[in-house]
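>>> Need the 3D shape of this:
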Amino acid sequence: MDLDTVIVGGGQAGLALGHYLRRAGVRFAILDAHNRVGDSWRQRWDSLTLFTPRRFDGLPGLPFPGDPDGHPSKDEVADYLARYAAHFDLPVRLGCGVTSVRPGTAGGFTVDTSTGTLRARRVVVAAGAFHTPRIPEVARKLAPRVTQLHSSRYRNPDRLPGRDVLVVGGGNTGVQIAGELADHGRRVALAAPTIGPALPQRWLGRDIFWWFSRLGTMRLSAESRLGRRIAAQNPVIGTDVDRLLRRVDRVGRVVDAEGCQVLLADGGRRRVDTVVWATGFRPHYPWLEVPVLDASGAPVHREGVTDWPGLYLLGLPWQRTRGSAVLGWVGRDAQVLAARLADDRRLAPARPAPAVPA
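Numbers count the residues shown, from 1 in each chain. Take a look at the predicted model:
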């Protein structure tokens, strides 16, 4: 084998795992398609800041710099991740896009990349869950002169033409973008049949994440009753929803489109110049040629462990706990997985892969 472990993805999950594998003496590489560490953060919208204060944003072994009670920008996060990789001299291979992960003929895995082929005993998929934008089919029915973009391509109000903007989606991203557009003089409609419970950024003089940390909320198990309830609610954090709804028109679900108009579930119509689809993402692993995906394309696992020997996942929302995909908490999952990989490396030889179904 060329390597003991290949980590696919050089974001916070992959870097945190790399930190622990380096300490355990495991021979590994982190593969990332971007040209710089942290570029996935740099590509997000201009005004994005984290919900979590800096005191909770550090990865294992390196505190996040700056005012511990302040909230970092997306560019600060990107620069921190680059500094983290350099600080621990992590073997990140940049510009190395993965095109195939498949079982090796002699066990382990063959990993094809844009820069060559690797062989590894284990593979950890740490590429996150935000791969392919989910855009409803109704979008195809809008006239070509209507500007449409997914929230992942939104940067700032100045780049959006027209005055009448429809933001579709009532999660944190949708309400934040709708608020920013309204602040810049756009006539905004927010298509959000449901909006999760609103939580203030600060409560009783403390940041909400200070309370989450003290109360153990970020360590809630994905399997617990309370954990399942919170995951289903998808709370909106730090946005004054009542104030927002005084500045934008809240409309119902978009069910159809015709020309420059969207048709709503209540029978109403809305003319639009631009639509921002804040409708989330769908899993997309076209390069993962191992039978661990369900009918929707999502990986089947339990706390990041798949049924295929040597294939693991890291950094997915609610993978183990509420904090599994959150910058300052993903290190806990990384530590657990690193210990498992180190133990497996010491105690067991590489197991032959099961036969691939025909």
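
>>> Which helix or which strand is home to the spatially closest residue to residue 108 that is not a sequence neighbour?
Excluding its sequence neighbours, the residue lying closest to residue 108 (C-beta to C-beta, 6 or more residues apart in numbering) is residue 121, at 4.5 Å. For glycine as for every other residue, the C-beta is placed from the backbone atoms N, C-alpha and C. Taking DSSP states H and E as the definition, one finds residue 121 inside strand 116-125.

>>> Can you report how many residues neighbour the residue nearest to residue 108?
Around residue 121 there are 25 other residues, counting by other C-beta atoms under 10 Å.

>>> any idea of the pLDDT on it?
On pLDDT, residue 121 comes in at 96.

>>> so how far is residue 302 from it?
21 Å (C-beta to C-beta, to the nearest Å).

>>> Repeat that for residue 341.
Remark: distance between residue 341 and residue 302 (C-beta to C-beta) = 16 Å.

>>> What residues does residue 282 make contact with?
131, 132, 133, 134, 296, 297 (C-beta atoms under 8 Å, 6 or more residues apart in numbering).

>>> Low-confidence ranges, this structure, go.
Within the chain, the segments meeting pLDDT under 70 span 1, 345-358.

>>> What are the phi and psi values at residue 277?
phi -90, psi 100 (degrees, to the nearest 10).

>>> I figured it hits residue 168, correct?
Yes - the pair residue 277 and residue 168 passes the contact test of C-beta atoms under 8 Å, sitting 5.3 Å apart.

>>> Need the residues touching each of the two.
In contact with both residue 277 and residue 168: residue 136, using C-beta under 8 Å, 6+ apart.

>>> what about residue 36, how many neighbours?
If we define neighbours as other C-beta under 10 Å, then residue 36 has 17 of them.

>>> Residue 50 versus that one, what's the distance?
Distance, residue 36 to residue 50, by C-beta to C-beta: 19 Å.

>>> So this structure: which segments form each domain?
3-131+283-347, 135-196+234-277 (automatic domain parsing).

>>> out of those, nearest to residue 210?
For residue 210, the closest of these is domain 3-131+283-347, at 7.6 Å, according to C-beta to C-beta.

>>> ok now the closest one, how far from the chain's centre?
11 Å (C-alpha atoms, centre = their mean, to the nearest Å).

>>> Surely residue 318 touches residue 333?
No - contact criterion C-beta under 8 Å: residue 318 and residue 333 do not qualify, at 10.7 Å.

>>> Looking only at neighbour counts, state which of those two leads.
Between residue 318 and residue 333, counting by other C-beta under 10 Å, residue 333 is the more crowded of the two (25 against 18).

>>> now for the one helix or strand that one maps to, which elements pack on it?
Here residue 333 sits within helix 330-347, counting by DSSP H and E. For helix 330-347, the elements it packs on are helix 12-24, strand 116-125, strand 311-313, judged by 3 or more C-beta pairs under 8 Å, 6 or more residues apart in numbering; DSSP states H and E.

>>> Skipping adjacent residues, who's closest to residue 47 in space?
Per C-beta to C-beta, 6+ apart, closest to residue 47 is residue 180, 6.2 Å.

>>> The one you found - that's part of a helix, no?
Yes - with DSSP: H, G, I helix; E, B strand; the rest coil as the criterion, residue 180 is part of a helix.
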